[in-house]
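>>> predicted model and sequence follow; I will ask about them next.
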Protein chains: 2
Amino acid sequence: MVNPAWLRSFCTLVHTQNFTRTAEQLFMTQSGVSQHIKKLEGFLGASLLDRDANGFELTEAGRRLYQQAQPIVDSLAHLQEQVMADPPHQGRVNVISPGSVGLQLYRHLLGFQQQHQGLIIDHRFAPNGSIESAVVQKHADIGLMTQIPQHPQCAFNDVGREQLLLVTPASESVPSLSALEKLGFIDHPDGHHHANLLLSANFSDFSSSQQIPVRGFSNQIGLILEPVSLGLGFTVLPQHAVASFAKPESIRVHTLSTPVYEPLYLVTSATTQRPARVQVLLEEIRAWLKSG
Amino acid sequence: MVNPAWLRSFCTLVHTQNFTRTAEQLFMTQSGVSQHIKKLEGFLGASLLDRDANGFELTEAGRRLYQQAQPIVDSLAHLQEQVMADPPHQGRVNVISPGSVGLQLYRHLLGFQQQHQGLIIDHRFAPNGSIESAVVQKHADIGLMTQIPQHPQCAFNDVGREQLLLVTPASESVPSLSALEKLGFIDHPDGHHHANLLLSANFSDFSSSQQIPVRGFSNQIGLILEPVSLGLGFTVLPQHAVASFAKPESIRVHTLSTPVYEPLYLVTSATTQRPARVQVLLEEIRAWLKSG
DNA sequence: GGTTAACCATAACGTTTTGTAATCATCAAG
DNA sequence: CTTGATGATTACAAAACGTTATGGTTAACC
């Protein structure tokens, strides 16, 4: 492999056009520079300089080398600081969250990214299980979950809760369990989990969401309420997913005797020391979720 | 400066996740790899690997280093071939020519560049003097001149000739010298030179273009004939500049008893060995000019 | 529980490479 | 003809390098 010190000498020489000055600039002797160039030429098997009466000029190979070498020398020179640097508002952060909080996060993340142009935020939606494994495998820097992560490598904080809402077509007034059974369930990735939580807390005769027929499924958070609005079934969703639905007049949200909440956990990998950009975003998210 | 061999070891290690296999791949011993990583960590003043029970994973610094180092290692590995490579249809070529041939060249150059996407052609117009010095100073790889270059570092070939034409407003029939004097001259960068050549060969009573009043000047080859078409004066131009004028009906080109031609020289720097891309383009241009 | 194999770290050491000091060669200016 | 500036060359001591040999840890297997 080429010795980059040779490249540096060569590049400096191209700048100064003078061996002696190059040596001074690099805190070495003229002899050293001379040898560096010679070694470079030997290594490449081509002469780099056309020596003539007063001074020299680059050969074609020299020009090409200069073009190639200069950026290499520069990156090598800045390597150390680049590796040590930990800019708080630059670089990539991967965030993964369930659909509902995701909708809330989305506008915050976009706004934050607008404030910090160097920042690249990769934001994806996924069900709890995928989120946990994404964090453990370090595909995601920050995860949001509605269950406590089980993996020992996960660190988590309780950062709030979100109410689960029973949503039916607008025509449905005060729903009974039998009415819901007749209506049918519009399922989504966390659908059965949510339905079990909400219905068991409010209907004594409810045993399991198994007893309710499924009439549809969508993993697009924005689309789950469409079939409900068309009268095709009911569903149970966190409030943010409901709040962002475009046609609120065609659905009905029901106030139940026992409100049910889903906890929210901010999950990160316990093992890694966090880069500043992740730490900063983590605290931003915490603040957003606290303030609503 | 960092030893790039250390970087290479590190990058390979990140790939293989295994010191021994890294060593094999790099034809060295496991001990060597281990020492390379240690030296890197020492140099950067940060640990790169989180050693744990079975194997290791990268620290944040390690990840950043990998990101920085991989391209450096790659460019260093390919440096030699890159410097030695001389692709005939890739890279930049600077061409400089007088306006008239330039117009002819332009479409050829564009067509050639379309055929070879990697090729970047910088084509500029300039008067003879500037062209010669651009070639000598190597700002241009290929120059076209209508005079023999004087500088000893210029190599040149006769590549054709171009007729000089007397152009007047359409209303002018058979021009006499006195009529031209009355009409006045529309000057351009080579205007006086062209006028002297053409008029002295065809009008025995012509002494010098000084005797003809100048009515205008443009260094935009496409605009010189505008004032002529408006009846503001006459000019003398090479044929290509005339042929590309948009309103031929409003000017008149006069057939003179003694046609005058301007030679065309392809000029390059004599000292440098030419890169393939320049040589190729040189021959293309030669062919274009020969065929018309 | 002991053996084995895989893996990485460390120490010692001969070899190679490096960069300096000293010197030489060339050239232009005074 | 001298002088000063420039680059090339040589010899040598110091530094860096990568190998061999060895030690420590862990996991798998009998």
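Here it is on my side, so go on. Numbering: from 1, shown residues only, chains lettered A, B, ... in the order given.
>>> okay, now the unreliable bits of chain A?
A:53, A:272, A:292 (pLDDT under 70).
>>> can you show me the strands along it?
A:49-51, A:56-58, A:91-97, A:119-125, A:142-145, A:154-169, A:185-187, A:214-217, A:235-238, A:251-254, A:260-269 (DSSP state E).
>>> which of the ones you listed sits closest to B:Leu103?
strand A:56-58 (33.3 Å; C-beta to C-beta). C-beta: built from backbone N, CA, C; applies to glycine.
>>> so how far is that closest one from its chain's centroid?
Distance of strand A:56-58 from the chain centroid (C-alpha atoms, centre = their mean, to the nearest Å) equals 50 Å.
>>> do stretch A:150-167 as well
On C-alpha atoms, centre = their mean, the centre of stretch A:150-167 falls 18 Å from the chain's centre.
>>> does it come close to DNA strand D?
No: using C-beta under 7 Å from any atom of the strand, stretch A:150-167 stays clear of DNA strand D, with a minimum separation of 14.9 Å.
>>> any residue of that stretch up close to chain B?
No: Stretch A:150-167 does not reach chain B (C-beta under 8 Å from any C-beta of the partner chain); its nearest approach is 11.0 Å.
>>> how close does A:Ser113 get to A:Leu105?
Actually, residue A:113 is Gln rather than Ser. The spacing between A:Gln113 and A:Leu105, counted by C-beta to C-beta, to the nearest Å, is 12 Å.
>>> looking at these two, which is more packed in?
A:Leu105 (23 against 17; other C-beta atoms under 10 Å in any protein chain shown).
>>> ok, which stretches of chain A are helices?
Ranges of helices in chain A, per DSSP state H, are A:4-16, A:19-25, A:30-44, A:60-84, A:99-115, A:128-136, A:177-183, A:191-202, A:225-229, A:239-243, A:276-291.
>>> chain A against chain B: which residues are in contact?
Residues of chain A lying close to chain B (C-beta under 8 Å from any C-beta) are A:1-2, A:4-5, A:8, A:43-46, A:50, A:57, A:59-61, A:64-65, A:68-69, A:71-72, A:75-77, A:79-80, A:82-86, A:271-275.
>>> buried subset of those?
Neighbour-count burial (16 or more other C-beta atoms under 10 Å in any protein chain shown) applied to the residues of chain A next to chain B gives A:2, A:4-5, A:8, A:44, A:46, A:59-61, A:64-65, A:68-69, A:72, A:75-76, A:79-80, A:83, A:86, A:272, A:274-275.
>>> before we move on, the earlier item: got TSV for the strands of chain A, with distance to DNA strand C too?
Listed next are the strands of chain A as TSV, based on distance: least, C-beta to the nearest atom of the strand, whole Å:
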stretch	distance to DNA strand C
strand A:49-51	10
strand A:56-58	12
strand A:91-97	27
strand A:119-125	30
strand A:142-145	29
strand A:154-169	26
strand A:185-187	46
strand A:214-217	45
strand A:235-238	45
strand A:251-254	57
strand A:260-269	22
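>>> and B:Asp205, which of those strands is closest to it?
Among the strands of chain A, strand A:56-58 sits nearest to B:Asp205 (C-beta to C-beta), with 51.7 Å.
>>> which other residues reach the closest one?
A:14, A:17, A:48-50, A:66, B:271 (C-beta atoms under 8 Å, 6 or more residues apart in numbering or on different chains).
>>> any idea how far the closest residue to chain B within the stretch 101-250 of chain A is from A:Pro87?
In the stretch 101-250 of chain A, no residue comes nearer to chain B than A:Lys138, which is 8.1 Å away by C-beta to the nearest C-beta. A:Lys138 sits 20 Å away from A:Pro87, going by C-beta to C-beta.
>>> of the two, which one has the most company?
Between A:Lys138 and A:Pro87, counted using other C-beta under 10 Å, the more crowded position is A:Lys138 (16 against 13).
>>> what sits closest to that one if chain neighbours are left out?
Spatial nearest neighbour of A:Lys138, excluding adjacent residues (C-beta to C-beta, 6 or more residues apart in numbering or on different chains): A:Ser269 at 5.9 Å.
>>> mind listing what that neighbour touches?
Contacts of A:Ser269 (C-beta under 8 Å, 6+ apart): A:135-136, A:138, A:141, A:153-155.
>>> just give me the closest of these to A:Gly184.
When these are compared against A:Gly184 (criterion: C-beta to C-beta), the nearest one is A:Val135, at 34.9 Å.
>>> pretty sure the closest one contacts A:Leu144?
No: A:Val135 is not in contact with A:Leu144 according to C-beta atoms under 8 Å; the separation is 9.9 Å.
>>> spit out the residues that contact these two alike.
A:96, A:267.
>>> mind listing what's buried in stretch A:221-230?
The neighbour-count check on stretch A:221-230 (16+ other C-beta under 10 Å) flags A:221, A:224-229 as buried.
>>> list the residues that contact both of A:Gln113 and A:Leu105?
With C-beta under 8 Å, 6+ apart, A:Gln113 and A:Leu105 have no common neighbours.
>>> list the contacts for the closest residue to chain B within the stretch 151-292 of chain A?
Nearest residue of the stretch 151-292 of chain A to chain B, counting by C-beta to the nearest C-beta: A:Pro275, 5.2 Å away. Counting by C-beta under 8 Å, 6+ apart, A:Pro275 makes contact with A:86, A:91, B:60.
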